[in-house]
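K.L.:
Provided below for reference: sequence and predicted model.
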Amino acid sequence: MSEYDFVKGHGTENDFVLVPDANGKHELTAAQVARLCDRRAGIGADGVIRVVRTDATDDPAAVAARGEARWFMDYRNSDGSLSEMCGNGIRVFALYLATHSTIDPREPLKVATRAGIRTVTFAVSDEIEGGIAITVDMGTPTFGPESKVGVGERTWPSVNVGMGNPHAVVFVDELEQAGDLLTAPTHDEQVYPHGVNVEFVSRVGERHVAMRVHERGSGETRSCGTGACAAMVATALVDGAERGTPYRVDVPGGTLFIEWTEDDRILMTGPARIVAEGMTTL
């Protein structure tokens with residue numbers, strides 16, 4: 001296989017291999033994604049993001065976004081399966097464009113995803129690691145029927161929250177109750193026919209929670225942006241919180257700040273870092 005560029009980055013330690021492909025000449029196979037994500041024989045990552053212009057790919061989501069968004073985030077889980085959206089990944093994607101393309105970070109950036117167009121903004125913040133706060137309008141949450149999630153012999157009721165991808169949010173007294181998360185928690189396949197991301201959430205303080213997550217197709221990750229949004233939404237519903245009330249969500253890899261706005265949008269703010277660039281033949 002010929003040599004091509006890659007970039008490695010992470011958002012709260014949820015890490016990704018980015019493949020710059022503005023002109024759409026480097027389609028990724030599931031096997032290639034799995035090789036790139038392999039932490040022993042590859043570069044190592046929770047997923048792969050191809051950075052491609054919407055007019056340079058035939059992906060239906062990119063085609064639908066032409067004229068409104070120039071860039072498409074082609075995201076794959078570490079097992080090579082397609083995913084609709086990745087909240088940490090889109091911040092890394094946006095940071096890459098802000099540092100490696102001609103976009104103006106002073107202006108909102110529209111990004112096409114399989115979950116629809118997401119708008120990203122940049123700001124300086126003392127609360128965010130690295131000093132640059134990247135905020136993503138994650139859209140409007142959706143809700144499905146409650147079901148149950150299980151680990152070993154224990155089960156919990158789960159809140160079904162859609163953030164462009166499906167989430168089952170479980171409230172636990174201690175995060176250790178989630179077990180080692182080496183295998184996917186059991187779930188109702190009728191409610192989640194295409195699998196589900198499972199968030200285990202515990203209280204830390206007022207408007208402050210911590211969580212662990214098992215991402216479908218990737219296993220336990222150090223963070224999940226859409227999962228943090230789902231966790232905040234589920235907690236705000238239980239709290240009866242007023243819209244516009246910000247929540248802090250701690251993940252093993254850092255901290256995200258989530259707000260459910262008056263106009264029913266979820267705003268996620270957090271850091272992103274690019275840590276390496278190189279060439280690969282994987």
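P.N.:
Yes, it's here.

K.L.:
pretty sure A62 belongs to a strand, no?
P.N.:
No. Going by DSSP: H, G, I helix; E, B strand; the rest coil, the assignment for A62 is helix, not a strand.

K.L.:
what's near enough to touch it?
P.N.:
A62 is in contact with V52, T54, F72, D74, A112, counting by C-beta atoms under 8 Å, 6 or more residues apart in numbering. Bear in mind the C-beta positions are built from the backbone N, C-alpha and C, glycine included.

K.L.:
quick check: closest non-adjacent residue to the last one.
P.N.:
Okay, so that is A112. Distances taken as C-beta to C-beta, 6 or more residues apart in numbering place A65 nearest to A112, at 3.5 Å, with adjacent residues excluded.

K.L.:
the one you found is in contact with T54, isn't it?
P.N.:
Yes. Taking contacts as C-beta atoms under 8 Å, A65 lies within contact range of T54: 5.1 Å.

K.L.:
shared neighbours of those two, anything?
P.N.:
Listed as contacting both A65 and T54 by C-beta under 8 Å, 6+ apart are F72, A112.

K.L.:
neighbour-wise, which of the contacts of A62 leads?
P.N.:
Sorting these by how many neighbours each has (other C-beta atoms under 10 Å) puts F72 first, at 28 neighbours.

K.L.:
do you know how far that one is from T140?
P.N.:
21 Å (C-beta to C-beta, to the nearest Å).

K.L.:
what about the helices in the stretch 1-150 of the chain?
P.N.:
Assigned by DSSP state H, counting those that start in this stretch, the helices in the stretch 1-150 of the chain fall at 30-37, 60-65, 87-100.

K.L.:
any chance of the ones you listed in a markdown table with distance to Y192 and mean pLDDT as columns?
P.N.:
Output for the helices of the stretch 1-150 of the chain, formatted as a markdown table (distance: least, C-beta to C-beta, whole Å; pLDDT from 0 to 100):
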| stretch | distance to Y192 | mean pLDDT |
| --- | --- | --- |
| helix 30-37 | 21 | 97 |
| helix 60-65 | 21 | 98 |
| helix 87-100 | 19 | 96 |
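
K.L.:
which of those sits closest to T280?
P.N.:
T280 lies closest to helix 30-37 among the helices of the stretch 1-150 of the chain, at 7.3 Å (C-beta to C-beta).

K.L.:
quick one: P145 and C229, what's the gap?
P.N.:
P145 is 20 Å from C229, by C-beta to C-beta.

K.L.:
ok, Y192 touching H167?
P.N.:
No. Using C-beta under 8 Å, Y192 is not in contact with H167, being 9.4 Å away.

K.L.:
give me the domain ranges for this protein.
P.N.:
The chain breaks down into these domains under automatic domain parsing: 4-138+271-280, 142-264.

K.L.:
average pLDDT for the shortest one?
P.N.:
In this model, domain 142-264 carries a mean pLDDT of 96.

K.L.:
start and end of it, how far apart?
P.N.:
Between the start and the finish of domain 142-264 there is a gap of 10 Å, counting by C-alpha to C-alpha, to the nearest Å.
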